[in-house]
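K.L.:
here is my input, please return the structure:
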Amino acid sequence: VQLQASGGGLVQPGGSLRLSCAASGFTFSSYYMSWFRQAPGKECEIVAGIRWSGGETYGADSVKGRFTISRDNAKNTVYLQMDILKPEDTAVYFCAAKFGAYAPTGNMDYWGKGTLVTVSS
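P.N.:
Numbers count the residues shown, from 1 in each chain. Take a look at the predicted model:
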């Protein structure tokens, strides 16, 4: 099983980034996918989640209206489009998978290595 996140980097406040997470080794289309983040000195928090069909999504209050999660089951990939980025969005972002879930949970089955997002002028 592998979850490979990419797309992180340095961006100015107000800018955008698109994270991707490529999955392999499991039946991607049967898994609820989530993005988490962990900022320096802070606990890991859920950012967004999406059901296997892509028909229902969840977004944390702190990112609603700015971040959009999506998935392409044909490509075994989940995305996080991040717009209007703020310095407080600076964190390591992780993707994770949970079989059969209907909503975000911290008890994920698989976790990927993170990608660093830094929002700074």
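K.L.:
output the lowest mean pLDDT helix or strand found in this structure.
P.N.:
Across the helices and strands of the chain, mean confidence by mean pLDDT, DSSP states H and E is lowest for strand 57-59: a mean of 93.
K.L.:
which other helices and strands does it contact?
P.N.:
strand 45-50, strand 67-72 (3 or more C-beta pairs under 8 Å, 6 or more residues apart in numbering; DSSP states H and E). From N, CA and C alone the C-beta is placed, and that goes for glycine too.
K.L.:
how far out from the middle of the chain is the last one?
P.N.:
In terms of C-alpha atoms, centre = their mean, to the nearest Å, the centre of strand 67-72 is set 8 Å apart from its chain centre.
K.L.:
just to revisit the earlier point, which of the helices and strands packed on strand 57-59 is buried the deepest?
P.N.:
Among the helices and strands packed on strand 57-59, judged by mean count of other C-beta atoms under 10 Å, the one packed with the most neighbours on average is strand 45-50 (a mean of 22).
K.L.:
who's in contact with that strand?
P.N.:
With contact meaning C-beta atoms under 8 Å, 6 or more residues apart in numbering, strand 45-50 is reached by 32-38, 56-60, 63, 67-71, 78, 80, 93, 103-104, 106.
K.L.:
and the residue nearest to the spatial centre of the chain, what does it touch?
P.N.:
Most central in the chain under C-alpha atoms, centre = their mean is residue 35, positioned 2.5 Å from the mean C-alpha point. For residue 35, the contact set (C-beta under 8 Å, 6+ apart) comprises 19, 21, 46-49, 69, 78, 80, 93-96.
K.L.:
fine by me, thanks again.
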